[in-house]
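Peer 1: Next one to model:
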Amino acid sequence: MNKFIVVSVLCVLFLTQDQFMALKGQLATVNYKMGRQLESGQEYNYPLKTAAYWTRPIMTRSDAQNLAKHDLVIVDLENKFNNRQILLELKELNPAIKILAYSNPMEIFLTTYSDRPWQNKVISEITTNRKEWLLKTIKTENGVRRQNYAEFWPNMVMINMSSTCVKVKGQTYSQWMAAKIQEEVLSDKIFDGYFMDNGTINISWICKNSNEKIDIDDDLRADTDLNVDRKWSRGVSEYISHIRYDGEYKNGILNWFFNLFAIKNDLIIISNKGDLNLLKQVDGKMFENFPNDYLGETWANGWRQSISNAKKTGEYTIIKVERGSLQFGLASSLLLDNVYFAVGQDDAGIFPEFYLKTGKPLGHIKTRNGIYTREYEKVTVTVDPLNKKGVITKK
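Peer 2: I've put the predicted structure just below:
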């Protein structure tokens, strides 16, 4: 008995900080969950497949206690630098949870913020030493051409993610940023994967006026939309490939043979939007503000097209709605098997609706007169897309 105690103590002494915290957390989690179950009569984790979308740079302990109820949490990467301990607590509360690091690689803020230390360094580096990477447009007015910085989101400026981005110190922006994400963020095993915001393969749409076009190769000349989108698509694809292969991916057609032997990592990679592009490189797509009317067919605000796409976009597909559409979005997500359901952005609330136990599905989607249904062992799911209504009836 004494030998066992001595060996146990020695094992604890040689644990790393993360391993010790994980062990401590597992013991605390058992007590915490048991206490919550006894207090509320409910399970700690939601029985449904759910996700949370957390783009704030800081997470509190109170936030973590609620977010840990989900199966998957997308977390702004700044949380690693601001409060990594809270991310550890997420894992302690729910050892099965998947944490994905969030970034928006195609834009940077114009100002720095005290709670975004990692991004502040990126802003400083690009604006001081790599200005060539800022995406430009050419605007023609009264016969005069003027070069401007491309903008999409307020108070942010766009970066050139294309394959023809000017190289600085031997790298395009996509190559540099992918390496930075790999080395400084995803090398930390607290993360199970990566979420790429604005994972679009075309970008010409940001220029809504015919007299302004993107200058994709920074040669002071406007480029055609077709040329811009082709080179942007290639750059985005290369960016994801560098992350997928831990930087071992080589650009250029002459490196195709080398890339055949590059070893994939086991990261979960999700991007938005909910189109059918990049499916060989990502494990899922997010349908933000579901349904989306820009994916093709627009019946019921694109509901049918969104559901059709979601069937094909991988095992980590996410349907996200706002709280006012919760019941409609939840019912829609239960029509499919591969979907995680999320509500809102930066919402650490508790959702009683997520404690629903459906039992096993008894079949697939059925439709009649524009109404979609699916049977489970314990519930019937009904969706009326045109009226944006969802009903889940217990049997």
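Peer 1: going forward, measure contacts and count neighbours with C-alpha atoms only.
Peer 2: Will do.
Peer 1: Going by neighbour count, which residues in stretch 203-210 are buried?
Peer 2: The neighbour-count check on stretch 203-210 (16 or more other CA atoms under 10 Å) flags 203-204, 207 as buried.
Peer 1: and if you look at stretch 265-285?
Peer 2: Residues of stretch 265-285 classed as buried: 267-275, 277-278, 281-285 (neighbour count, 16+ other CA under 10 Å).
Peer 1: got the contact list for it?
Peer 2: 100, 192-201, 237, 240-241, 244-246, 286-288, 292, 295, 306, 309-310, 312-318 (CA atoms under 8 Å, 6 or more residues apart in numbering).
Peer 1: Could you check how far stretch 377-392 is from the centre of its chain?
Peer 2: Distance of stretch 377-392 from the chain centroid (CA atoms, centre = their mean, to the nearest Å) equals 27 Å.
Peer 1: For it, buried residues please.
Peer 2: Using 16+ other CA under 10 Å as the test for burial, stretch 377-392 gives 378-385, 388-392.
Peer 1: Mind checking which of those residues are in strands?
Peer 2: Taking DSSP state E as the definition of strands, the buried residues of stretch 377-392 contribute 379-384, 389-392.
Peer 1: Would you mind giving those as JSON lines with pLDDT added?
Peer 2: Converted to JSON lines, those look like this (pLDDT from 0 to 100):
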{"residue": "379", "pLDDT": "98"}
{"residue": "380", "pLDDT": "98"}
{"residue": "381", "pLDDT": "98"}
{"residue": "382", "pLDDT": "98"}
{"residue": "383", "pLDDT": "98"}
{"residue": "384", "pLDDT": "98"}
{"residue": "389", "pLDDT": "98"}
{"residue": "390", "pLDDT": "98"}
{"residue": "391", "pLDDT": "98"}
{"residue": "392", "pLDDT": "98"}
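Peer 1: Would you mind putting these into a markdown table with distance to residue 187 alongside?
Peer 2: Below are those laid out as a markdown table (distance: CA to CA, whole Å):
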| residue | distance to residue 187 |
| --- | --- |
| 379 | 43 |
| 380 | 44 |
| 381 | 41 |
| 382 | 43 |
| 383 | 42 |
| 384 | 45 |
| 389 | 43 |
| 390 | 41 |
| 391 | 43 |
| 392 | 42 |
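Peer 1: what's the closest of those residues to residue 339?
Peer 2: Nearest to residue 339 out of these is residue 381 (CA to CA; 14.9 Å).
Peer 1: Now do the helices in this structure.
Peer 2: Counting by DSSP state H, the chain has helices at residues 2-13, 17-40, 61-67, 78-93, 117-129, 173-181, 225-244, 256-259, 303-310, 326-333.
Peer 1: Contacts only, for residue 132.
Peer 2: 166, 168, 218.
Peer 1: quick one: low-confidence ranges for the stretch 151-300 of the chain?
Peer 2: 246-263 (pLDDT under 70).
Peer 1: go again using 80 as the cut-off
Peer 2: When residues are selected by pLDDT under 80, those of the stretch 151-300 of the chain lie in 246-264.
Peer 1: can you map out the strands along it?
Peer 2: Secondary structure of the stretch 151-300 of the chain (DSSP state E, counting those that start in this stretch): strands at 156-158, 193-196, 212-215, 268-271, 284-287.
Peer 1: With distance to residue 49 added, can I get those strands in a markdown table?
Peer 2: Output for the strands of the stretch 151-300 of the chain, formatted as a markdown table (distance: least, CA to CA, whole Å):
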| stretch | distance to residue 49 |
| --- | --- |
| strand 156-158 | 34 |
| strand 193-196 | 17 |
| strand 212-215 | 41 |
| strand 268-271 | 16 |
| strand 284-287 | 14 |
